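# Need a 3D model of the sequence below.
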Amino acid sequence: MTSLTTLAQSIIPVDDEVRTLAEHHVSRLFKPVGSLGQLEQLACQLSAIYRTTHWDIGPKKIFVMGADHGVYEEDIAVSPREVTAIQAINTVKGVTGVAALAFANRVKVEMVDVGIDSDVLPGVTNFKVARGSGNIAKGAAMSAEVAEKLIVDCADYVSQCIDSEGLKAIGIGELGVGNTTAAAAMVCAITNQEPTEVVGLGANFPSDRIEHKIEVVRQALDVNCPNPTDPIDIVAKVGGFDLAGMTGVILGGASKQVPVVLDGFLSYAAALLACKIAPNVWDYLIPSHRSAEKGASLALEELQLKPFIDMEMRLGEGSGAVLAMPFIDAAHAMYNRMAKMEDNGLELPKPL
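This is a model prediction of the structure:
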């Protein structure tokens, strides 16, 4: 089995020399300089990731990591715990939000069970660690050993999928009733922010009870005292199996030099963790949308990422990541199909 250290070391920097060549190409396209905004930046980032100015598009897949959380016992969610397993099956059937949007955008979806409180679910990839993590308000979500193994196992699996399926881009999503509580605790630990600045309503948690959720997150931090400099300690103590699994997916994608499209708040928490494990991961991250969850803007600011979409979404599942996948195709079309200045007998304007 790959070790976490070996995995982190396998994630090499993107090619900034190729990025510079791509920027030169984009500057020569027949349009006002910078007029396609973030799409231009994305095309250059993709060139740097693929390490060539002649990259192509190909199959894309969202990995949805499902798990239940012991902190559900603290009455921090309105949905029944069984919803996680129900939605995992619905994802396989193709009738969840992410599955519907994936159908519309020709993106594959794979449902992965890393800790759902259920028996083995048909059609779901099984990496189940346990039937739900520990209650972080009373102790650790899992041991450090379990957290590290799950991250590495998920990274190895995603790496294999990229090779066997020829994936050119991947995205992450999650299912887990109560998981915004764990994600908020992780973001607090990483950013040293107070729970009042991070904790949001999640999946329709009553606004008049938000103080209770804030206190649960504060209790989780006080009980567990996660080390802000140790990513494994953070996810083991106040995270969850889905968050560890998502971190593994991110690391696995970056290790194979393919872009990783983030979803919402849960994915930001996992991305923060992945960047602590392997700083080179950052250049492989593509933000999709600005989640409506309260701590999202803070997490994005910490990541220094600017999403493409702002539609007040907070479904999770990978729904935002799916909607951002067409931007990769659009960046490729812009880069390869637009005429250049010299094709039209014009010279590139000289810089002021």
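
# Could you measure from E215 over to G295?
16 Å (Cβ to Cβ, to the nearest Å). For the C-beta atoms, the positions are set from N, CA and C on the backbone; glycine is no exception.

# Please say which of the two ends up with more neighbours.
G295 (25 against 15; other Cβ atoms under 10 Å).

# Quick one: residues contacting the more buried one.
G295 is in contact with A183, A184, V187, Q193, E197, V198, V199, G200, F265, counting by Cβ atoms under 8 Å, 6 or more residues apart in numbering.

# Map the structural domains onto the sequence of the protein.
Split into domains by automatic domain parsing, the chain comes to 4-55+334-344, 60-324.

# For the closest residue to D16 other than its chain neighbours, what is the enclosing helix or strand?
Nearest residue to D16, sequence neighbours excluded (Cβ to Cβ, 6 or more residues apart in numbering): A48, at 6.2 Å. Using DSSP states H and E, A48 falls within helix 37-50.

# likewise C161?
Going by DSSP H and E, C161 is in helix 144-165.

# okay, that helix in PDB with CA atoms only?
Extracted in PDB, the C-alpha atoms of helix 144-165 (Å, rounded to 0.1, in the frame of the first residue of the first chain):
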ATOM      1  CA  ALA A 144      -5.400   8.700  13.100                       C
ATOM      2  CA  GLU A 145      -4.400   5.300  11.600                       C
ATOM      3  CA  VAL A 146      -7.900   4.900  10.200                       C
ATOM      4  CA  ALA A 147      -8.000   8.400   8.700                       C
ATOM      5  CA  GLU A 148      -4.600   8.000   7.000                       C
ATOM      6  CA  LYS A 149      -5.500   4.600   5.600                       C
ATOM      7  CA  LEU A 150      -8.800   5.800   4.200                       C
ATOM      8  CA  ILE A 151      -7.200   8.800   2.600                       C
ATOM      9  CA  VAL A 152      -4.500   6.700   0.900                       C
ATOM     10  CA  ASP A 153      -7.000   3.900  -0.100                       C
ATOM     11  CA  CYS A 154      -9.300   6.500  -1.800                       C
ATOM     12  CA  ALA A 155      -6.300   8.200  -3.500                       C
ATOM     13  CA  ASP A 156      -5.100   4.800  -4.800                       C
ATOM     14  CA  TYR A 157      -8.600   3.900  -6.000                       C
ATOM     15  CA  VAL A 158      -9.100   7.200  -7.800                       C
ATOM     16  CA  SER A 159      -5.600   6.900  -9.400                       C
ATOM     17  CA  GLN A 160      -6.600   3.500 -10.800                       C
ATOM     18  CA  CYS A 161      -9.900   4.800 -12.100                       C
ATOM     19  CA  ILE A 162      -8.100   7.700 -13.900                       C
ATOM     20  CA  ASP A 163      -5.800   5.200 -15.600                       C
ATOM     21  CA  SER A 164      -8.400   2.500 -16.500                       C
ATOM     22  CA  GLU A 165     -11.100   5.000 -17.600                       C
END
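
# How many neighbouring residues does T96 have?
25.

# For the stretch 51-200 of the chain, just list every one of the helices.
For the stretch 51-200 of the chain, applying DSSP state H, counting those that start in this stretch gives helices covering 83-93, 97-105, 144-165, 179-191, 195-198.

# Any buried residues in stretch 12-24, and which?
V14, D15, V18, R19, L21, A22, E23 (16 or more other Cβ atoms under 10 Å).

# how about the strands in the protein?
Assigned by DSSP state E, the strands in the chain fall at 60-67, 108-115, 125-126, 169-175, 260-261, 285-286.

# re the thing from before, quick one: the helix holding A48 to strand 169-175, angle?
Angle of helix 37-50 versus strand 169-175, following axes from the mean of the first three to the mean of the last three Cα atoms, to 10 degrees, is 110 degrees.

# how distant is helix 37-50 from the center of its chain?
With Cα atoms, centre = their mean, to the nearest Å as the basis, helix 37-50 stands 18 Å off its chain's centre.

# From the rest of the structure, what touches it?
14-16, 18-19, 21-23, 26, 34, 53, 55, 257-259, 283-284, 286, 306, 308, 327-328, 330-332, 334-335.

# Make a PyMOL selection of the buried ones in the residues you listed.
PyMOL command restricting the contacts of helix 37-50 to the buried ones, with burial defined by 16+ other Cβ under 10 Å:
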select buried, resi 14+15+18+19+21+22+23+26+53+55+257+258+259+283+284+286+308+327+328+331+332+334+335
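
# Poorly predicted segments of the stretch 151-300 of the chain, please.
For the stretch 151-300 of the chain, the stretches flagged by pLDDT under 70 are 202-203.
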